[in-house]
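[1] how would this look folded up:
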Amino acid sequence: MAKKPTAAPAAKAAAATEETFALRSLQEAHAANKRYAASDEELLHFYEQMVLIRRFEEKAGQLYGLGLIGGFCHLYIGQEAVAVGLQSALESGKDSVITGYRDHGHMLAYGIDPKVIMAELTGRAAGISRGKGGSMHMFSTEHKFYGGHGIVGAQVPLGAGLAFAHKYRGDGGVCMAYFGDGAANQGQVYEAFNMASLWKLPIVFVVENNGYAMGTAVKRGSAETEFYRRGTAFRIPGMDVNGMDVLEVRAAANIALDYVRAGNGPVLMELNTYRYRGHSMSDPAKYRSREEVQEMRDKHDPIEGAKAELLARGVAEDRIKEIDKRIRSIVAESADFAENSPEPDMTDLYTDVLVESY
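    Numbers count the residues shown, from 1 in each chain. Predicted coordinates for the structure are as follows:
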């Protein structure tokens, strides 16, 4: 049998160098322009969105403690810059978002009414999923927000499916699929990577690396702790981003979305962030020290960082205080709305069970 001809060593080396550059090119572009040049008004808007998520989640924690929210409840406190920075770069009504069960912040960042989100958390008929989804399974096709998924990592192949739909329809949309550092070890994630790269699907895979998955430190549960490198085997370029700086997140989002919208296929972004609370409301978080959490709050808090930058730019402190006051009012109204809304009728147990038409 004739031996298969091989490429000359020099040609192979050149090809390997070119491929390596292609996989690191977005990271290099990000390193060269790390922070988004937001106007004062844009930064004030980012600040307002992050404060809304923070105060909303604090209120949700209170309602959970009062027994008004049942089941599981996973708060987004500390990670606000990720959803706000990334989703501010998306095109509303065109792009789609899918995530896991820590989903309240993503919905708020997408401009969904806090009242219907809080009503859903408390299982009320006025909720965005009519009280049937609760904290973990909220959904809104109107806003192109597709959950809220309780099965760890399941949203990643579903996100690839959404991206396939965007490409099939030719609507120009991009799917942003979020998952955590714990879910990053799921096999279905890599099957989705392979298909998305093979078919050049318009999707941004986002690893929200908050360091502890469900309670196990990254270094104890992952052989490769640099998650942005995990797309290399599938020729997916990666980006390593500080998820505690909303302007860095937005700058990285612009680079990733420009690449995907140009028809180049998927991007894998690792957003290094930190959750201040436990994995869920039932998690005492004894796997880390109070000093560690306090240090993150004191030195890396995304909201305080944005506030400090606004003040350094000369934005009046009264404007910032007015935002804080308005957000507290909005969150209080959402809680009152939820508490005063009726629960679903018992007959609703028999609806939304089967799909009767397509």
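
[2] Let me see the contact set for Val189.
    Applying Cβ atoms under 8 Å, 6 or more residues apart in numbering, we find Val189 in contact with 153, 156-157, 179, 183. Yep, even glycine has a C-beta here, placed from its N, CA and C like the rest.

[3] now swap in Tyr76 and tell me
    53, 57, 83, 102, 104-106, 275.

[4] same thing with Asn264?
    Lys200.

[5] start at 37 instead
    With 37 as the first residue, the last one maps to Asn300.

[6] Tell me the confidence at it?
    Turning to Asn300, the model gives it a pLDDT of 97.

[7] Ok, Ala44 next?
    pLDDT, read off for Ala44, is 63.

[8] same question, Ala38
    The per-residue pLDDT reported for Ala38 equals 56.

[9] next one: Asp384
    We note a pLDDT of 89 for Asp384 in this prediction.

[10] That one in helix, strand or coil?
    Taking DSSP: H, G, I helix; E, B strand; the rest coil as the rule, one finds Asp384 in the helix state.

[11] Could you report the neighbour count for it?
    Other residues near Asp384 come to 13 when the count uses other Cβ atoms under 10 Å.

[12] Is it in contact with Ala161, as I believe?
    Yes: with contact taken as Cβ atoms under 8 Å, Asp384 and Ala161 are classed as touching, separated by 7.5 Å.

[13] and for the two, which residues touch both?
    Between them, Asp384 and Ala161 have Gly167 as joint contacts when contacts are counted by Cβ under 8 Å, 6+ apart.

[14] Verify the stated contact: Asp76 with Leu347.
    No: because the distance of 11.1 Å does not satisfy Cβ under 8 Å, Asp76 is recorded as not touching Leu347.

[15] quick one: the lengthiest helix in the chain to chain centroid distance?
    When secondary structure is assigned using DSSP state H, the longest helix within the chain turns out to be helix 76-101. Remark: helix 76-101 is offset 15 Å from the chain centroid, using Cα atoms, centre = their mean, to the nearest Å.

[16] hmm, back to that, who wins for most neighbours among the contacts of Val225?
    The most neighbours, when these are compared by other Cβ under 10 Å, belong to Val192, which has 29 neighbours.

[17] May I have the residues that are in contact with Asp131?
    Shown here is Asp131, whose contacts under the criterion Cβ under 8 Å, 6+ apart are 180, 209-212.

[18] Identify, from the contacts of Val225, the entry nearest to Ala288.
    For those, the residue nearest Ala288 by Cβ to Cβ is Phe215; the value is 17.0 Å.

[19] Counting neighbours, which of the contacts of Tyr112 comes out on top?
    Ala119 (33 neighbours).

[20] Would you confirm that that one contacts Gly141?
    Yes: Ala119 is in contact with Gly141 according to Cβ under 8 Å; the separation is 4.7 Å.

[21] tell me, what's touching these two both at once?
    Taking Cβ under 8 Å, 6+ apart as the contact criterion, the residues that touch both Ala119 and Gly141 are 89, 112.

[22] As a check, name the ranges of all strands in the stretch 87-236 of the chain.
    Secondary structure of the stretch 87-236 of the chain (DSSP state E, counting those that start in this stretch): strands located at 132-134, 211-216.

[23] Look at Arg355 and say how many residues are nearby.
    Using other Cβ under 10 Å as the criterion, Arg355 is surrounded by 12 other residues.

[24] quick one: contacts for His173?
    Contact criterion Cβ under 8 Å, 6+ apart gives 137, 165, 183-186 as the residues in contact with His173.

[25] quick one: which of the residues you listed is most hemmed in?
    When neighbours are taken as other Cβ under 10 Å, the top entry among those is Gly184 (26 neighbours).

[26] Distance check, it against Gly267.
    According to Cβ to Cβ, to the nearest Å, Gly184 stands 24 Å off from Gly267.

[27] Was I right to think Ile164 contacts Ile148?
    Yes: because the distance of 6.8 Å satisfies Cβ under 8 Å, Ile164 is recorded as touching Ile148.

[28] Show me which of these two is the more surrounded one.
    For Ile164 against Ile148, the residue with the higher neighbour count under other Cβ under 10 Å is Ile164, and the figures read 23 against 19.

[29] Now that one: closest residue in space that isn't a chain neighbour?
    Of all residues beyond its chain neighbours, the one nearest Ile164 is Val152 (4.3 Å), with distances taken as Cβ to Cβ, 6 or more residues apart in numbering.

[30] re the thing from before, using TSV, lay out the strands of the stretch 87-236 of the chain together with distance to His81 and mean pLDDT.
    TSV is the format used below for the strands of the stretch 87-236 of the chain (distance: least, Cβ to Cβ, whole Å; pLDDT from 0 to 100):
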stretch	distance to His81	mean pLDDT
strand 132-134	18	97
strand 211-216	19	98
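
[31] could you redo those strands as a markdown table and give each row distance to Phe108?
    Putting the strands of the stretch 87-236 of the chain into a markdown table (distance: least, Cβ to Cβ, whole Å) gives the following:
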| stretch | distance to Phe108 |
| --- | --- |
| strand 132-134 | 18 |
| strand 211-216 | 15 |
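
[32] Which of the ones you listed sits closest to Lys255?
    Ranking the strands of the stretch 87-236 of the chain by their distance to Lys255 (criterion: Cβ to Cβ) puts strand 211-216 first, at 15.4 Å.

[33] re earlier: can you name the two of the contacts of Val225 that are farthest apart?
    Between all members of those, the longest pairwise span (Cβ to Cβ) is found for Pro193 and Ala219 and amounts to 11.4 Å.

[34] how many neighbours does the residue nearest to Ile164 have?
    For Val152, the tally of surrounding residues (other Cβ under 10 Å) stands at 22.
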